[in-house]
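here is my input; please provide its structure:
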Amino acid sequence: MKKRRLGKSAMVISEIGMGTMTFGSSCDEPTSFKILDKAYDAGIDFYDTAEIYPVPPEDKWVHRTEEIVGKWLKTKPRDSVLIATKVCGPGHGWFTPPVRNGKTALDRHHIVRAIEGSLRRLGTDYVDLYQSHWPDPDMMYEETMYALSELVSSGKVRYVGCSNETPWGLMKSLWASEKNRLVRYESIQNNFSMLNRRFEDALSEVCKKESISLLPYSPLAGGVLSGKYNGGKTPENARFSRYAKLGDRQKKMSNRFLNDLTVKATDEFLKIAKEANMSLVTMAVAWSKQHDFVASTLIGANTVEQLNESLKATDVILTQDVLNKINEVSKNIPYPMG
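Model prediction:
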């Protein structure tokens with residue numbers, strides 16, 4: 001497994017990382033251990049979780065993912081595994097998380113409480129990367145960065161990153177860090193796939209100019225790029241088949257990822273992958289990791305078998321002809337996820 005530097009940090013991580021957000025909900029603990037072991041044996045050394053996981057976020061299983069990862073971590077040399085987790089963003093906006101009675105924030109109080117809980121559940125005295133899960137653009141970035149700087153100084157955190165951030169927010173945070181001589185975000189974890197290329201509009205330029213690494217999540221667009229929804233299929237246990245029956249937030253997410261345009265684009269991508277003699281899953285992961293602003297593409301799985309096609313992307317470099325065909329689909333069906 002090839003490695004890439006994370007931002008300007010001393011961390012060099014596997015170019016494919018393991019996402020864990022279903023561990024403890026749709027994926028039980030024994031299966032989670034098997035998936036983690038297979039990823040580790042394949043050379044993956046970067047594992048991403050969050051205090052709010054698993055998804056969908058619910059009181060009945062919140063924090064379970066970190067607990068599972070923590071149990072598994074005890075079976076490996078700690079220094080051989082790079083662990084990333086996240087602190088919840090503000091609970092007064094688009095979503096109220098089932099953490100700290102929904103009154104979460106990115107101030108010192110909540111950041112300190114969150115890291116203490118994560119370290120306890122993970123069974124470790126430090127995490128390699130600590131990320132803000134979503135931003136609060138109306139509060140001072142200085143307060144967040146001061147709190148994160150304290151965690152780095154204390155040794156509880158090695159480096160910090162953000163997630164679901166905007167170009168303005170990322171630059172604002174960098175300005176606050178530089179002005180006040182604080183730690184800076186070395187990474188940004190945003191949605192990025194062949195069905196959602198909005199990151200390329202502005203954030204990719206920020207990453208390249210400021211040497212910040214993207215950690216793309218959902219390179220398969222929540223499983224849509226596996227092709228399992230094509231041909232009018234609605235797999236019973238698939239994520240968006242389940243989300244369509246849940247609350248308004250999950251229904252909106254389902255409609256964003258799974259709609260007429262995303263299915264149409266996926267049909268075209270399936271043809272390109274077939275011509276290239278690979279699965280669409282392999283092509284999608286390979287496409288993601290082939291961008292120069294990407295450090296590690298985060299894959300996910302509910303079964304060990306689901307990992308196989310993603311891991312095949314390890315040694316795949318897409319030809320310019322394949323890239324051109326993918327770009328043509330994106331040109332003809334722009335922003336299928338809205």
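
tell me where the stretch 1-150 of the chain has helices.
Listed in chain order, the helices found in the stretch 1-150 of the chain under DSSP state H, counting those that start in this stretch are 29-41, 64-73, 108-122, 141-154.

between the first one and helix 64-73, how big is the angle?
Between the direction of helix 29-41 and that of helix 64-73, the angle (axes from the mean of the first three to the mean of the last three C-alpha atoms, to 10 degrees) works out to 60 degrees.

ok, and what's touching helix 29-41?
Around helix 29-41, the neighbours that count as contacts under C-beta atoms under 8 Å, 6 or more residues apart in numbering are 18, 20, 23-24, 27, 47, 68-69, 71-72, 76, 81, 301-304, 307, 311. Yep, even glycine has a C-beta here, placed from its N, CA and C like the rest.

and stretch 221-228, how far out from the chain middle?
Here stretch 221-228 is found 16 Å from its chain centre; the criterion is C-alpha atoms, centre = their mean, to the nearest Å.

quick check: the residue nearest the centre of the chain vs residue 180, distance?
A centroid search over the chain (C-alpha atoms, centre = their mean) returns residue 217, at 3.2 Å, as the residue closest to the centre. Using C-beta to C-beta, to the nearest Å, one gets 29 Å for the distance from residue 217 to residue 180.

so which residues of the stretch 201-338 of the chain form strands?
Remark: strands of the stretch 201-338 of the chain, listed N- to C-terminal, are 213-214, 297-299; assignment by DSSP state E, counting those that start in this stretch.

just send those back as JSON lines, with distance to residue 100 and mean pLDDT too.
Formatted as JSON lines, the strands of the stretch 201-338 of the chain follow (distance: least, C-beta to C-beta, whole Å; pLDDT from 0 to 100):
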{"stretch": "strand 213-214", "distance to residue 100": "29", "mean pLDDT": "99"}
{"stretch": "strand 297-299", "distance to residue 100": "25", "mean pLDDT": "98"}
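
got these as a markdown table, with mean neighbour count and distance to residue 114 columns?
Formatted as a markdown table, the entries for the strands of the stretch 201-338 of the chain read as follows, by neighbours: other C-beta atoms under 10 Å; distance: least, C-beta to C-beta, whole Å:
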| stretch | mean neighbour count | distance to residue 114 |
| --- | --- | --- |
| strand 213-214 | 24 | 23 |
| strand 297-299 | 26 | 20 |
